[in-house]
Structure formats: structure tokens, C-alpha cells
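Colleague: how would this look folded up:
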Amino acid sequence: MELAKNKKAFHDFEILDSFEAGIELKGTEVKSCRLKNISFNDAHVRVEDEQLVLYNVHIAPYECGNIFNHSPVRSRRLLMHRREVRKISQNIREKGMTVIPIKFYIKGRFIKVEIAIAKGKTHGDKRDTLRKRQHDLETRRAISAAKR
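Modeller: The predicted structure follows:
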């Protein structure tokens, strides 16, 4: 079940490769995630000491929580195999490459994060993408109108 999706990532970045990662959360964060209280504003992933750390993901405090509620914006460790972390680390050393979260979802009883190696789009690239999307939409409309 999908909890949240980073729609702006597909507009601002060209997605090259994606990975599934576990995320280290506190109890009230899990409950808040299940209520879909997640925001991706300026979220990114860094490699620190051969571990992936997720920054700037806002998970709202749990309404029914007590004094042990979590901090909404804190760094959270991502859980991946060491060889996958090394592969990601090698890829982001290239100029213009970054790692961003794409979506949060539930798999079994665990909350997972899909992260992607991405390259930033220029203003012209964004325009080309919009033009292509508009052209595809017009083509589909013309085909469906011709079938009627």
C-alpha cells in the first residue's frame, strides 16, 4: 500500500535507477506514516560512514502521541545491503547525480522507501518533457475520437 509519493521528483529529475530501502523509525513515526502524514519537501539522501541517511522528510507528529513524540524533521537511517550502498556511493560521485526518495509504502508489516539515483533536469529539459506529455495526450485523444 502506497503511503506517499514524491511527484515533484519526476518533474525536477531524470530517474536513472531505483532501489528499495528499509527505514529506521520510532514508534510514533510508524503510526504517523500509516496515517499518510509524510511530506517530501527538499528531501535527499547522503552517504555517511558507508550508511545512507535520509534528510528533510517531514513526518508529522502523531496526534495521539504523548511526551515521547518524535521530532518531525530529523535525519533517518536507511537500511540497505553494503554492496548496494557502495554502488549508490559510486554513482553519486559523478557530477550532477543525487539520491532522492520517490515513495513510502508498506510491504508486509514494514515501511519501505523507494530511493532513486537521479540527475537534475535543466529548464529546457523540463519544457521538452511537458511538450512530449502534451503531444502524447493529444495523440491518445485523437485515436479515441477516431474509434467512435
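
Colleague: just the helices in this protein please.
Modeller: 7-12, 27-34, 82-92, 123-147 (DSSP state H).

Colleague: for A60, find the nearest of the ones you listed.
Modeller: Among the helices of the chain, the nearest to A60 by Cβ to Cβ is helix 27-34 (5.5 Å). Glycine gets a C-beta too; all of them are placed from N, C-alpha and C.

Colleague: what helices or strands is that closest one leaning on?
Modeller: Helix 27-34 sits against strand 58-59, strand 110-120, with contacts defined as 3 or more Cβ pairs under 8 Å, 6 or more residues apart in numbering; DSSP states H and E.

Colleague: any idea which of those strands scores lowest on pLDDT?
Modeller: Here the helices and strands packed on helix 27-34 differ in mean pLDDT, and the lowest is strand 58-59 at a mean of 88.

Colleague: what's it packed up against?
Modeller: Using 3+ Cβ pairs under 8 Å, 6+ apart: strand 58-59 touches helix 27-34, strand 38-39.
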